[in-house]
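# My questions are about this predicted structure, shown below with the sequence.
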Amino acid sequence: MPQKIVKLTVQDVRFPTSLELHGSDAMHTDPDYSVAYVVIETDQGMRGYGLTFTVGRGTEIVVCAVEALSALVIGKSLEEIVSDFRGFYRLLSSDGQMRWIGPEKGVIQLATAAVLNSIWDLWARLEGKPLWKLLVDMEPKKLISCIDFRYITDALTEQEALDILEKAKEGKLQRVDQMLKEGYPAYTTSCAWLGYSDQLLRQLCNDALKDGWTKFKVKVGADLEDDIRRCSLIRQMIGPHNSLMIDANQRWDVGEAITWVTKLAEYKPLWIEEPTCPDDILGHAAISKALAPLGIGVASGEQCHNRVMFKQFLQAGALQFIQIDSCRMGSVNENLAVLLMAHKFNVPVCPHAGGVGLCELVQHLILFDYISVSASLDNRMCEFVDHLHEHFISPVEIKNAHYMPPKDPGYSCEMKEASVQSYQYPQGEVWKQIKKQKD
Ligand SMILES: C[C@H](O)[C@@H](O)CC(=O)C(=O)O
Ligand SMILES: [Mg+2]
């Protein structure tokens, strides 16, 4: 019996992370980690859960965009959608009246991600598999049929994508076993948000080292003297052999980025993340070229709107690390395109995660990347941030600084009903209390 989608609800759920400066960086000094949380329901009572991540006030605008897209979803059956997923992706991303407010970028793309994430979740649940396994088990032709190749065929053709997937069939079963035993390598950003004191940074870094973490990201970009002190402190604590990454969250102009990072080079960062405007492809290329002799790569992607921009970053040799995001682009469909392009251009993928639910979601994509696309762990790791996992029904499992493959069916982003109720904005109990204290 086809599963017809008869209902879509979307809620604005926010967590007051700004109170303790969790998640703070050089540009987002007071983020309240938030989601536009989508639940779809079929006529047979099955549910799919999806979300997209934001950092506070903008969430209400994403919620409106999801509501505007819902008319394109309600009334369709899951079978109809997945039998031509490319067509459905295009229906959502290229709607004749709504594409004007994108196309395929900004709020409307975040909303597309939330909706499509719920559909992938529903699909995986109906198949009784975690999403990564649904993807790993899918025939290459079917996978390719989920991707919209419009605008990227000059970098990757369907045939090339198919060849990559066919070639990676070799050794796939061993890689599945390896992942189930060892998990996928992760790094932590939890120790060094920009608003944290040196004392807290020291304490969190110490705890992380004890827990087996070997790769650490530090926020930089607001004040050079602070950055020198914080990077020196972390480098001293983690020693010369562990990895340090730095993240400026788009703070600098191109020349300023080169000068600033050169002054931090003695702390041996593996990469500088988002050194400048996330849309400045040639700027990133110039920074990459200038920093290459220092052994520092450039990473970006958490605010890269779509596959077309990633294509150009790759074509321009502008990034040495690609950071896909499960909610910034058009869900799994568009991320598949980027994983395949990154493989063709031989650039490692190190996903952005954290926020609310981003770790839960992106772990599926990076497991798929290793098992079915790249077959390599060289220079690869997935971000981990230790906030807000307690609000999910199937939270991530980290063992010895590795993501252990999720086992529950779906895309791991169903939230606990009590959490949704308490943190709904503005009517949830938590926000009512915060308002009362302020008044
Ligand atoms: C506002 C977010 O916390 C951002 O700082 C996250 C980020 O850049 C990262 O995790 O990387
Ligand atoms: Mg970042």
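Received the coordinates, thanks. Numbering: from 1, shown residues only. Ligands and ions are numbered 1, 2, ... in the order given.
# The helix or strand where residue 181 lies: what's the following helix or strand?
For residue 181, the host element (DSSP states H and E) is helix 172-182. Using DSSP H and E, the next helix or strand after helix 172-182 towards the C-terminus is strand 184-188.
# how far does the next helix or strand after that next one sit from the chain's center?
On the C-terminal side of strand 184-188, the closest following helix or strand by DSSP H and E is helix 198-210. In terms of CA atoms, centre = their mean, to the nearest Å, the centre of helix 198-210 is set 25 Å apart from its chain centre.
# and whichever helix or strand comes after helix 198-210 with helix 198-210, angle?
Past helix 198-210, further along toward the C-terminus, the next helix or strand under DSSP H and E is strand 215-219. Relative orientation of strand 215-219 versus helix 198-210 (axes from the mean of the first three to the mean of the last three CA atoms, to 10 degrees): 160 degrees.
# Give me the helices and strands touching the helix ranked longest in the chain, please.
For the chain, the helix that runs over the most residues, judged by DSSP state H, is helix 106-127. Packing partners of helix 106-127 (3 or more CB pairs under 8 Å, 6 or more residues apart in numbering; DSSP states H and E): strand 5-14, strand 34-42, strand 47-54, helix 59-70, helix 78-83, helix 85-93, helix 131-137, helix 331-344. C-beta here means a position set from N, CA and C on the backbone, and glycine is covered the same way.
# Can you mark which positions in the shortest one are buried?
Neighbour counts using 16 or more other CB atoms under 10 Å place 78, 81-82 of helix 78-83 among the buried residues.
# so what does it touch, helix or strand wise?
So helix 78-83, by 3+ CB pairs under 8 Å, 6+ apart, packs with helix 106-127.
# tell me the average confidence for the helix it packs on?
The average pLDDT for helix 106-127 rounds to 98.
# again, but for stretch 347-361
So the average pLDDT for stretch 347-361 ends up being 98.
# quick one, phi psi at the residue most central in space within the chain?
For the chain, the residue sitting closest to the mean C-alpha position, by CA atoms, centre = their mean, is residue 325 at 2.5 Å. Phi and psi for residue 325, reported as degrees, to the nearest 10, are phi -140, psi 140.
# Might one say that it is in contact with residue 349?
No - taking contacts as CB atoms under 8 Å, residue 325 lies outside contact range of residue 349: 11.0 Å.
# Report the buried residues of the helix holding residue 181.
For helix 172-182, by 16+ other CB under 10 Å, it's 175-176, 179.
# Show me where the stretch 201-350 of the chain has its helices.
224-238, 254-264, 281-291, 307-315, 331-344 (DSSP state H, counting those that start in this stretch).
# which helices and strands sit right next to the third one?
When contacts are defined as 3+ CB pairs under 8 Å, 6+ apart, helix 281-291 sits against helix 254-264, strand 297-300, helix 307-315.
# buried set for it?
Neighbour-count burial for helix 281-291 [16+ other CB under 10 Å]: 281, 283-288, 290-291.
# Residue of the stretch 151-300 of the chain closest to ligand 2, please.
residue 247 (4.3 Å; CB to the ion).
# Okay, that residue and residue 360: tell me how far apart.
The gap separating residue 247 from residue 360 is 21 Å, by CB to CB, to the nearest Å.
# could you dump the buried residues of helix 172-182 to JSON lines with distance to ligand 1 and pLDDT?
Formatted as JSON lines, the buried residues of helix 172-182 follow (distance: CB to the nearest ligand atom, whole Å; pLDDT from 0 to 100):
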{"residue": "175", "distance to ligand 1": "26", "pLDDT": "98"}
{"residue": "176", "distance to ligand 1": "28", "pLDDT": "98"}
{"residue": "179", "distance to ligand 1": "23", "pLDDT": "98"}
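# residues from the stretch 51-200 of the chain in reach of ligand 1?
55, 189 (CB under 6 Å from any ligand atom).
# mind redoing it with 8 Å?
Contacts of the stretch 51-200 of the chain with ligand 1, taken as CB under 8 Å from any ligand atom, map to 55, 189, 193-194.
# Farthest-apart pair in those, please.
55 and 189 (14.5 Å; CB to CB).
# Looking at these two, which has the bigger crowd around it?
More crowded of residue 55 and residue 189, by other CB atoms under 10 Å: residue 189, with 24 against 19.
# For burial, what's the neighbour tally of the residue nearest to the more buried one when sequence neighbours are not counted?
Among residues not flanking residue 189 along the chain, residue 217 sits closest, at 4.3 Å (CB to CB, 6 or more residues apart in numbering). Counted by other CB under 10 Å, the residues lying close to residue 217 total 28.
# for the one 4 residues further on, same thing?
Using other CB under 10 Å, residue 221 has 26 neighbouring residues.
# Next: residue 239.
9.
# repeat for the one 5 residues further on
Neighbourhood size, residue 244 [other CB under 10 Å]: 21.
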